[in-house]
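In: Kindly return the folded structure for what I paste below:
(2 chains)
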Number of protein chains: 2
Amino acid sequence: MTRKIITGYSNPTVKFVRSLREKKHRRRERKFLAEGLRLLTDAREGGRLPEILLMAQGREGHPLLDELEADVARSGGEVIELPLDILAKVTGKENPQAVAGVFAEWDTSIRLIDRNTAPIWLVAHAMRDPGNLGTMLRTADAVGAGGLILIDDCVDPFSVEAVRASMGAIFTERLAQARWEDFLGWLREGEGQLVAASLREAVPYRGAPYSAPCFVMVGNESRGLPEHYEMACDLRVTMPMKGRADSLNAAVAGAVLAYEVLATLDER
Amino acid sequence: MTRKIITGYSNPTVKFVRSLREKKHRRRERKFLAEGLRLLTDAREGGRLPEILLMAQGREGHPLLDELEADVARSGGEVIELPLDILAKVTGKENPQAVAGVFAEWDTSIRLIDRNTAPIWLVAHAMRDPGNLGTMLRTADAVGAGGLILIDDCVDPFSVEAVRASMGAIFTERLAQARWEDFLGWLREGEGQLVAASLREAVPYRGAPYSAPCFVMVGNESRGLPEHYEMACDLRVTMPMKGRADSLNAAVAGAVLAYEVLATLDER
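Out: Just a heads-up that it's a prediction; the model follows:
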């Protein structure tokens, strides 16, 4: 097992990894960055190994890190040791984790989704906040959803912030990206109930007739869903809004709905 | 009505307002910054006017802004016009809003809370993420909670990020800050059911015997609640976790619980 040791900021690999914090470089390279032993272990358990494993000098040892390093070496990946302050520059975090990895992005075509593998799927339209996107991946994991389908222009799910907020769920949940027309075309080729919170011809979200596979859709953080998206839904539900503001945080609304769907399906 | 016009970055008022982005300055001055006409209008409707109103030159006019300006002037506040790029420097946002305000912080003592004004209260322990804190304020608004009680070392609720994420709810929800012992002492002086998600001697969250006033507590994002906080609860509930990860985002978990409490109380 060979480790490469890097000591300078100007090393090409350091520059390359650092460039992955920018979307244009991720798009070109189709690779992304994830930090921390927990995330990297989730990835490994989800069947994904980093192509490059970066480890800080002076880190504490850990059996899981040893196993990860061995797996990366076996799979032909690169293992690099570097000073913690350089790793911090690479990941852009003030309190850097002692390990990070560069992963190849995977195919997120909607055609790869097998809807019958789970009773619930989450769908986000034009979600702009990476924290919200990561949170929805985490919620998908918690409710036993199959994964998250991103509609139209969402923030990049492979951004450092979204990956971080997903707490590893990016590696274990199915992820798809599609334009609305392509999603709807795919959805109507099989069974599937599309549900969204709405004020148009909607029923109360408690006790609504949810059915599996149920696709729970939330809209953009500031504009919500376009009207014709709402009208294409099989079920529109209202959630109580007792206050002055007109809406919940999008990821929160999705989670409350998804837990209601889960409870309804489990009761049957 | 007089407006002061500022044209330079080095103006003392600009420096002062800008300094409020840092916690130490907010602590000393007991003032904070909120941006955007929507937030400032929420504040005004919530009975709070800025001490300083900052308006970008070349902004679009708006009747609500005219009313706000008149109110600020009437109340003895300062009205300042300045170039948009200076306002952007002040608020630190890439796409700055055309208006911002400096507000006096208010007393967040737990003793000022009247628990009987609402059936639900949200409680956050050691919440570190300003986005989560703002999201919980928004959720409090949506479920008709009385407000949010912050326990122990939470992120500053008056930080620009938390204020922004609250979408105005910072001005309309009651906000209290207390150490755990002080909160618990206050709670036990009257009626109030303390509820948290837990794995210790807990019942399913669906159909649990919630009662008003119900205090829904969530723990720190990475460590959760200390065991003795959980054991001090009147009711511990479990939420389904179908996935690999061990927990939901804290603000999401709080919202799912709060909506369940709301549904239970409304059914009675």
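
In: helix/strand/coil for residue A:103?
Out: Under DSSP: H, G, I helix; E, B strand; the rest coil, residue A:103 falls in the strand class.

In: and the residue lying closest to it once chain neighbours are set aside, what does it touch?
Out: Ranked by C-beta to C-beta, 6 or more residues apart in numbering or on different chains and with sequence neighbours excluded, the top spatial neighbour of residue A:103 is residue A:50, at 5.3 Å. (Each C-beta comes from the backbone N, C-alpha and C, glycine too.) Contact analysis of residue A:50 by C-beta atoms under 8 Å, 6 or more residues apart in numbering or on different chains lists A:34, A:40, A:43, A:72, A:77, A:101, A:102, A:103.

In: what would those look like in CSV with pLDDT and neighbour count?
Out: Below are those laid out as CSV (pLDDT from 0 to 100; neighbours: other C-beta atoms under 10 Å in any protein chain shown):
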residue, pLDDT, neighbour count
A:34, 94, 26
A:40, 95, 26
A:43, 95, 21
A:72, 96, 21
A:77, 95, 18
A:101, 96, 26
A:102, 97, 22
A:103, 97, 23
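
In: The lengthiest helix in chain A: which residues count as buried?
Out: Once chain A is assigned using DSSP state H, the helix that runs over the most residues is helix A:250-267. Residues of helix A:250-267 classed as buried under the neighbour-count rule (16 or more other C-beta atoms under 10 Å in any protein chain shown) are A:250-265.

In: same thing with stretch A:83-103?
Out: For stretch A:83-103, by 16+ other C-beta under 10 Å, it's A:83, A:86-87, A:89-91, A:96-103.

In: JSON lines for these, including secondary structure and distance to residue A:132?
Out: Compiled in JSON lines, those are given as follows (DSSP: H, G, I helix; E, B strand; the rest coil; distance: C-beta to C-beta, whole Å):
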{"residue": "A:83", "secondary structure": "coil", "distance to residue A:132": "34"}
{"residue": "A:86", "secondary structure": "helix", "distance to residue A:132": "31"}
{"residue": "A:87", "secondary structure": "helix", "distance to residue A:132": "27"}
{"residue": "A:89", "secondary structure": "helix", "distance to residue A:132": "27"}
{"residue": "A:90", "secondary structure": "helix", "distance to residue A:132": "25"}
{"residue": "A:91", "secondary structure": "helix", "distance to residue A:132": "21"}
{"residue": "A:96", "secondary structure": "coil", "distance to residue A:132": "24"}
{"residue": "A:97", "secondary structure": "coil", "distance to residue A:132": "22"}
{"residue": "A:98", "secondary structure": "coil", "distance to residue A:132": "28"}
{"residue": "A:99", "secondary structure": "strand", "distance to residue A:132": "26"}
{"residue": "A:100", "secondary structure": "strand", "distance to residue A:132": "23"}
{"residue": "A:101", "secondary structure": "strand", "distance to residue A:132": "24"}
{"residue": "A:102", "secondary structure": "strand", "distance to residue A:132": "25"}
{"residue": "A:103", "secondary structure": "strand", "distance to residue A:132": "22"}
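
In: Of the residues you listed, which is the nearest to chain B?
Out: Among those, residue A:97 lies closest to chain B (C-beta to the nearest C-beta), at 12.7 Å.

In: Could you report the pLDDT at that closest one?
Out: Note on residue A:97: pLDDT of 81.

In: That one - nearest residue in space that isn't next to it in sequence?
Out: In space, residue A:97 is closest to residue A:36, 3.9 Å off (C-beta to C-beta, 6+ apart).

In: Residue A:43 too?
Out: Leaving aside its chain neighbours, residue A:43 sits nearest to residue A:171 (4.2 Å; criterion: C-beta to C-beta, 6+ apart).

In: got a list of what that neighbour touches?
Out: Applying C-beta under 8 Å, 6+ apart, the residues contacting residue A:171 are A:34, A:39, A:42, A:43, A:45, A:46, A:48.

In: now the residues you listed: which count as buried?
Out: Using 16+ other C-beta under 10 Å as the burial test, these include A:34, A:39, A:42, A:43, A:48 as buried.

In: For the residue nearest to residue A:249 when sequence neighbours are not counted, pull up the helix or strand it's in.
Out: Distance criterion C-beta to C-beta, 6+ apart; nearest residue to residue A:249, sequence neighbours excluded, is residue B:135 at 4.5 Å. Here residue B:135 sits within helix B:130-142, counting by DSSP states H and E.

In: quick one: pLDDT of the residue nearest to residue A:103?
Out: 97.

In: about what we covered before: check the buried residues of stretch A:83-103 and tell me the two furthest apart.
Out: A:83 and A:103 (22.6 Å; C-beta to C-beta).

In: what's the closest of the buried residues of helix A:250-267 to residue A:224?
Out: residue A:250 (8.5 Å).

In: circling back to that earlier point, keep only those of the contacts of residue A:171 that are in strands.
Out: Among these, the members found in strands (DSSP state E) are residue A:34.

In: Among the contacts of residue A:171, which one lies nearest to residue A:210?
Out: Minimum distance to residue A:210 across the contacts of residue A:171 is 27.8 Å, recorded for residue A:46 (C-beta to C-beta).

In: check contacts around the closest one.
Out: A:168, A:171, A:172.

In: what's the nearest residue to residue A:115 if we skip its chain neighbours?
Out: Closest to residue A:115 by C-beta to C-beta, 6+ apart is residue A:213, at 4.8 Å.

In: Now the closest residue in space to residue A:102 that isn't next to it in sequence: phi and psi?
Out: Distance criterion C-beta to C-beta, 6+ apart; nearest residue to residue A:102, sequence neighbours excluded, is residue A:52 at 4.0 Å. For residue A:52, the backbone dihedrals (degrees, to the nearest 10) come out as phi -130, psi 130.

In: Was I right to think residue A:52 contacts residue A:76?
Out: No: counting by C-beta atoms under 8 Å, residue A:52 does not reach residue A:76; the two are 11.2 Å apart.

In: Give me the more crowded residue out of those two.
Out: Just comparing residue A:52 and residue A:76: by other C-beta atoms under 10 Å in any protein chain shown the higher neighbour count belongs to residue A:52, 19 against 8.

In: helices and strands around the worst-scoring helix or strand of chain A on mean pLDDT, which ones?
Out: Least confident element among the helices and strands of chain A, by mean pLDDT, DSSP states H and E: helix A:84-91 (a mean of 88). Helices and strands touching helix A:84-91, by 3 or more C-beta pairs under 8 Å, 6 or more residues apart in numbering or on different chains; DSSP states H and E, are helix A:12-19, strand A:31-35, strand A:52-56, strand A:99-104.

In: near chain B at all, the second one?
Out: So that's strand A:31-35. No: counting by C-beta under 8 Å from any C-beta of the partner chain, chain B has no neighbours in strand A:31-35; the shortest distance is 14.5 Å.

In: So which residues make contact with that strand?
Out: A:17, A:20-21, A:26, A:40, A:43, A:50-51, A:90-91, A:93, A:96-97, A:99-105, A:158-160, A:163-164, A:170-171.

In: Thanks a lot, catch you later.
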